[in-house]
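**Student:** have a look; sequence and predicted model below, questions after that.
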Amino acid sequence: MGWIFFGLIIAAIVFAISLYNGLVTKRNRYKNAFAQIDVQLTRRHDLIPNLVETAKGYMKHERETLEAVIQARNQAVSGLQGAINNPGDPGAMQQLSGAENMLTGALGKLFALVESYPDLKANQNMMQLTEELTSTENKVAFARQAFNDSVMNYNNARETFPSNLIAGSFNFEPADLLEIEDPEVREAPKVEF
């Protein structure tokens, strides 16, 4: 009788360790998925100054728009830095989402103005930068989807029985999705010329 009880205790401990390790694995997956977003958003942020410099030579009277793009880019970089430190944190995800929405809006205004400058539209450097930006926007969308899938998987694991007992005992905090709240900017900005 003692061996059976001892065996059940050992099985319960092994089961609890398995649940704990599963939660750690899922948390690490969503953090890794956010690292992929970081790579793509950093690339996006790095392309924008080149884009603005190229446009600046042609759009001398559109200084306000160019400055708005740079300001939005700087806020997006700041939002990304906050999210890197704690991916999944609701406040960090909201700040990043808001900053990226502002950047997308500013880029949309820039590209709308570019349409008024045929020489700029035909500039080889501008065409290359917009092509790279479009490609990066697509990669950001895929990385965000992978991140959100990983967050959902982690949150499901931490909320379902019996792993919720382990999650509560070891402070596995809920993670927040990275969402774009404004339905008008759910699509990547159109940067085709």
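**Tutor:** Done, it's in.

**Student:** for the residue sitting nearest the centre point of the chain, give me the pLDDT.
**Tutor:** Taking CA atoms, centre = their mean, the centroid of the chain lies closest to residue 37, which sits 4.6 Å from it. Looking at residue 37, its pLDDT is 94.

**Student:** how about it, what does it touch?
**Tutor:** Applying CB atoms under 8 Å, 6 or more residues apart in numbering, one finds that residue 37 lies in contact with 140, 143, 144, 147, 178. Where you see a C-beta, it was placed from the backbone N, CA and C, and this is true even at glycine.

**Student:** cool, and residue 45?
**Tutor:** 73, 76, 77, 80 are the contacts of residue 45 under CB under 8 Å, 6+ apart.

**Student:** in what helix or strand does it lie?
**Tutor:** helix 2-56 (DSSP states H and E).

**Student:** tell me where this structure has helices.
**Tutor:** According to DSSP state H, the chain carries its helices in the segments 2-56, 63-85, 90-114, 118-122, 124-159, 163-169.

**Student:** so where's the chain shaky on pLDDT?
**Tutor:** Across the chain, the ranges flagged by pLDDT under 70 are 180-193.

**Student:** so residue 121 makes contact with residue 115?
**Tutor:** Yes. Residue 121 lies in contact with residue 115 (CB atoms under 8 Å); the separation is 7.0 Å.

**Student:** those two: who's more crowded?
**Tutor:** Between residue 121 and residue 115, counted using other CB atoms under 10 Å, residue 121 has the larger neighbour count: 15 against 10.

**Student:** and residue 37, how far from residue 106?
**Tutor:** The spacing between residue 37 and residue 106, counted by CB to CB, to the nearest Å, is 20 Å.

**Student:** er, residue 123 I mean
**Tutor:** When distance is defined by CB to CB, residue 123 is 20 Å away from residue 106.

**Student:** again, but for residue 121
**Tutor:** Residue 121 is 19 Å from residue 106, where distance means CB to CB.

**Student:** check residue 90 too.
**Tutor:** Where residue 106 is concerned, residue 90 sits at a distance of 25 Å (CB to CB).

**Student:** who has more neighbours out of these two?
**Tutor:** Each of residue 90 and residue 106 has its neighbours counted (other CB under 10 Å); residue 106 has more, 23 against 13.
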